[in-house]
Each structure stands twice: as C-alpha cells, then as structure tokens.
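**Q** Everything below, folded, please.
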Amino acid sequence: MNYLTASKEQLIAEREALMAKYNEFKAKGLKLDMSRGKPSAAQLDESEGLLTVLSKNEDTIVDGLDTRNYGILDGIVPARKLFAELLEVPFENVIVGGNSSLTFMYDTIMRLCMFGAAGVNEPWFDCKDRKFLCPVPGYDRHFTITEQFGFEMINIPMDENGPDMDMVEKLVAEDASIKGIWCVPKYTNPEGVVYSDEVVHRLANLKPAAKDFRIMWDNAYCVHTISQDDKLANIFTECKAAGNEDMFFEYTSTSKITYPGAGVCAFVASDANIAWTKKLMNAQAISADKVNQLRHVKFFKNAQGILDHMKKHAAILKPKFDMVLSKLDTYIKDAGVGQWKVPNGGYFVAYAAYPGTAKAIFAMCKEAGLVITNAGAVYPYGKDPQDSILRIAPSLPPVSELEVAMDLFCTCALITAIDKILETK
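**A** This is a model prediction of the structure:
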C-alpha cells in the first residue's frame with residue numbers, strides 16, 4: 001500500500017496492525033545495537049595474526065632500530081611506506097601515529113587554532129567569527145570537534161557526486177572567516193557516496209579568501225569496499241597540480257581494518273605541512289607505538305596485503321548490508337515514505353525517513369530495545385532541518401539479530417510516517 005495515496009481509513013487500519021506487531025517486539029525484551037559502525041567479532045578475528053607476528057625480541061628490530069624504545073616521531077619508515085603505497089603518495093609526506101586518526105584531526109584543528117597554519121602564523125582563534133563548511137549528512141565526530149573550538153558550522157548539501165561545489169566555491173571565495181571544510185571523500189559517512197573526479201578537482205582548485213583555508217580529507221574508508229570498488233581521485237596530486245599543495249590534510253587509519261582500539265593512523269600532507277606538524281608534535285610526544293606499527297607492516301607486508309584482507313571483511317559485511325537493503329525494499333518501498341542509497345562500501349546505510357519522523361523513529365526503537373544513532377547526529381549541532389536522516393550501522397550484530405532489528409526499525413518507520421500523514425488528513 002502506498003501511504004501517500006491511501007485513504008484515512010486505510011491508514012488507521014494499517015497503523016493498528018503495525019502497532020500490534022510493535023507491541024510484540026516490546027514484549028520480547030530485546031537488546032539490539034546498531035548505534036555505531038563497529039567491526040564485528042568475525043572481522044576482528046581476521047586480524048588475530050597481529051598478536052603473534054612478533055614472537056621474539058629480535059623481531060622488534062627494524063633498520064637497526066629497536067622499536068620498543070623511544071624515538072622516531074613520524075613513525076617507522078616501513079609503516080610510512082606501507083601507507084604511502086596504499087594512498088599513492090611519497091612516503092616522505094606521510095606520518096604514521098597511534099591508533100586514532102580522529103585524535104590526529106583534533107590535534108590538527110587545535111594547532112591551527114593555537115598557532116596558525118604553516119607560513120601564515122595567524123592563529124584561527126584570532127578570527128572571532130570563524131566558520132567551517134560541513135557537507136551533510138556527515139560524521140558527527142567531525143562536527144563535535146569544530147563545535148568545541150567555537151566554529152560556526154555551515155551545512156553544505158550533498159548529492160551523488162559529493163558536496164555542492166557551486167556553493168562551496170562561492171562561500172570560500174567571499175568569506176575569509178571560512179577556515180576549512182570536512183570531507184569524507186570515499187563511501188561517505190553515512191550515505192556511502194564517492195566524490196566524483198570533478199568534485200575532487202574543484203576542491204583542489206579552490207580560491208579561498210582565507211590564505212589559511214584547509215581541506216580536512218578524512219579518507220577513513222579508502223579500502224572499505226563491499227560490493228564494487230570505486231576509484232577516488234588523489235587529493236595530493238590534484239592539490240599539487242593546482243598549486244595548492246598546502247591546502248589539504250589527509251587522514252586514514254586501520255581502525256576498521258585491524259583493531260579499532262589498537263590500530264595505527266596515517267597523516268598525509270605537503271612538505272611544508274609535514275614540517276609544521278612535526279615541529280608542533282615535538283613538544284607533545286617522543287613517538288607513537290612503533291611496535292604496533294611494525295606489527296602491521298609484518299602482518300600486511302604491502303598494500304596488496306591490506307586489500308586482500310579487506311576482501312575477507314567484505315565477505316562478512318555484504319550479507320548484513322544485503323539484509324538491511326532487503327528489509328527496506330520489503331517494508332518501505334511500496335509505502336513510499338522513505339529513501340536510501342545503495343552503497344558500494346563503507347559502514348553505513350543512510351535512511352531518509354518521512355520528514356518530521358526521525359526523532360519519533362529513534363524513540364520508538366529505543367523503547368522496544370533497539371539502539372540506533374541519535375536522530376540529528378549526522379548534522380552540525382544535532383539539528384536535522386527535516387528531522388529525516390537516520391544512520392543504520394549493520395556491521396556489529398550477527399545477521400540473525402540484524403534481521404530482527406530491521407523488522408523493528410521498519411515497523412517504527414511505517415508507524416511514525418502514518419502518524420505524520422494523518423496529521424494532514
């Protein structure tokens with residue numbers, strides 16, 4: 001039944017049947033979690049070899065360096081070369097750190113706020129009306145960082161090619177208080193969009209009024225293909241060709257490749273930005289966990305080793321994504337009260353609910369024992385202007401639990417849509 005064309009009487013009868021089903025879910029005492037994109041135990045098990053790849057003391061020696069000791073602020077050379085091969089950049093332009101790329105991003109914003117950009121030396125804190133561009137829907141942790149540092153965040157709409165570049169180009173050219181833009185360029189969080197070559201090219205060729213404008217290029221899902229690999233244009237080479245080599249910072253990590261709590265991250269930047277970063281890092285740390293960096297090098301050996309490893313992840317994740325998409329097709333498609341994209345990779349499915357119902361869906365799911373990401377989380381300040389977008393994270397639950405969770409989720413989505421439609425009938 002298409003809810004948009006159904007009569008009031010049909011909708012009321014449909015709601016009664018759905019509420020009976022919902023109350024059955026509530027009676028089960030469910031405890032289901034689709035709140036964050038956490039790797040499942042099966043995915044974590046694929047990295048078990050990390051724990052034994054260094055079995056003797058002499059295994060910790062690399063290039064004459066004992067990785068158990070102090071030193072090497074920018075990471076061991078084999079680890080830098082591993083990420084350089086993966087991201088197709090010179091290894092001299094790579095710093096390898098600890099487990100969290102998010103921490104590295106936070107530190108970058110903090111350094112820019114406190115000390116100013118390389119060659120500019122005007123702290124962002126000196127700009128009282130500083131602003132940041134935020135493609136939406138997007139990653140809530142990015143928005144949390146810029147909110148904490150006092151930026152006004154400006155929503156930038158997204159389509160199947162990436163952010164609205166006409167809007168981005170106009171804003172940055174006119175306003176020197178706009179200091180940067182957040183980007184998750186491949187398999188975006190949460191929609192799974194891959195930035196087109198044109199979008200990457202236009203980003204690299206921006207002519208911002210702010211001489212210290214920076215692109216925060218969070219390439220978190222660079223190898224997280226599920227069904228079909230999509231090629232992403234290289235921001236390093238694009239910016240260099242445009243004469244804007246200092247305008248970007250790129251980040252990635254093994255958080256959803258090996259162990260989220262015990263991975264390694266990589267930072268890619270121009271020569272000037274690498275020197276700027278190392279100078280400021282020198283007061284903060286002596287080195288990251290080089291033993292763990294070496295573990296990853298020995299476990300993967302090269303970039304192809306990482307790609308082969310991620311095929312195992314894809315085999316685990318694809319049935320889960322297929323389950324989510326199948327349930328949305330079964331419950332929502334004919335009803336006409338929701339939309340979604342089919343991602344080729346990444347960790348999420350973004351569900352665009354009937355406008356004005358996302359918060360109600362979240363509340364109903366929670367009451368029945370299903371935890372999903374907060375409504376509004378994928379927008380700055382938690383304010384979804386349409387109260388519509390919800391992020392579905394299929395990775396953690398086993399397929400059997402995921403099936404129950406999606407039955408409940410879709411039931412809640414239908415009930416809340418009927419309620420909203422009935423308000424106008």
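**Q** which element is the nearest residue to Phe348 once chain neighbours are set aside on?
**A** Leaving aside its chain neighbours, Phe348 sits nearest to Pro190 (3.9 Å; criterion: C-beta to C-beta, 6 or more residues apart in numbering). For every residue, glycine as well, the C-beta is placed using N, CA and C. Pro190 belongs to no helix or strand when elements are defined using DSSP states H and E.
**Q** What degree of burial does Pro190 show, as a neighbour count?
**A** Pro190 sits with 28 neighbouring residues when counted by other C-beta atoms under 10 Å.
**Q** And it, how far from Asn302?
**A** 31 Å (C-beta to C-beta, to the nearest Å).
**Q** Then Leu50?
**A** In terms of C-beta to C-beta, Leu50 sits 16 Å off from Asn302.
**Q** quick one, longest helix in this protein?
**A** Longest helix in the chain, counting residues (DSSP state H): helix 303-328.
**Q** got the contact list for the next helix or strand after it?
**A** On the C-terminal side of helix 303-328, the closest following helix or strand by DSSP H and E is strand 338-340. For strand 338-340, the external contacting residues (C-beta atoms under 8 Å, 6 or more residues apart in numbering) are 325, 328, 332, 349-354, 413, 417.
**Q** try 6 Å
**A** When contacts are defined by C-beta atoms under 6 Å, 6 or more residues apart in numbering, strand 338-340 is touched by residues 328, 332, 349, 351-353, 413.
**Q** which one of these is nearest Val297?
**A** Relative to Val297, the closest of those is Val349; by C-beta to C-beta it sits at 33.6 Å.
**Q** OK, contacts around the closest one?
**A** Counted by C-beta under 6 Å, 6+ apart, Val349 has contacts 324, 340, 392.
**Q** Run a quick neighbour tally on Gly71.
**A** 11.
**Q** give me the number of residues near the residue nearest to it when sequence neighbours are not counted?
**A** In space, and not counting its chain neighbours, Gly71 is closest to Ser287: 5.6 Å by C-beta to C-beta, 6+ apart. For Ser287, the neighbour count with other C-beta under 10 Å is 18.
**Q** so what's Ser287 up against?
**A** Applying C-beta under 6 Å, 6+ apart, the residues contacting Ser287 are 71-73.
**Q** Let's see that with 7 Å instead.
**A** Under the criterion of C-beta atoms under 7 Å, 6 or more residues apart in numbering, the neighbours of Ser287 are 70-73.
**Q** I'd like these as JSON lines, with pLDDT, distance to Ile257 and secondary structure appended.
**A** Shown next, in JSON lines, are the contacts of Ser287 (pLDDT from 0 to 100; distance: C-beta to C-beta, whole Å; DSSP: H, G, I helix; E, B strand; the rest coil):
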{"residue": "Tyr70", "pLDDT": "95", "distance to Ile257": "27", "secondary structure": "coil"}
{"residue": "Gly71", "pLDDT": "93", "distance to Ile257": "26", "secondary structure": "coil"}
{"residue": "Ile72", "pLDDT": "94", "distance to Ile257": "22", "secondary structure": "coil"}
{"residue": "Leu73", "pLDDT": "95", "distance to Ile257": "23", "secondary structure": "coil"}
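**Q** Show the buried residues in the residues you listed.
**A** Applying 16 or more other C-beta atoms under 10 Å to the contacts of Ser287, the neighbour count classes 72-73 as buried.
**Q** Just the C-alphas of stretch 95-106, formatted as CSV.
**A** Written as CSV, here are the backbone C-alpha positions of stretch 95-106 (Å, rounded to 0.1, in the frame of the first residue of the first chain):
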residue,chain,number,x,y,z
ILE,A,95,53.4,10.5,9.3
VAL,A,96,52.3,7.3,11.0
GLY,A,97,50.9,7.6,14.5
GLY,A,98,48.8,5.8,17.1
ASN,A,99,45.5,4.1,16.8
SER,A,100,43.3,7.2,16.2
SER,A,101,43.1,9.3,13.1
LEU,A,102,40.3,11.3,14.9
THR,A,103,42.8,12.3,17.6
PHE,A,104,45.2,13.5,14.8
MET,A,105,42.4,15.5,13.3
TYR,A,106,41.5,17.0,16.6
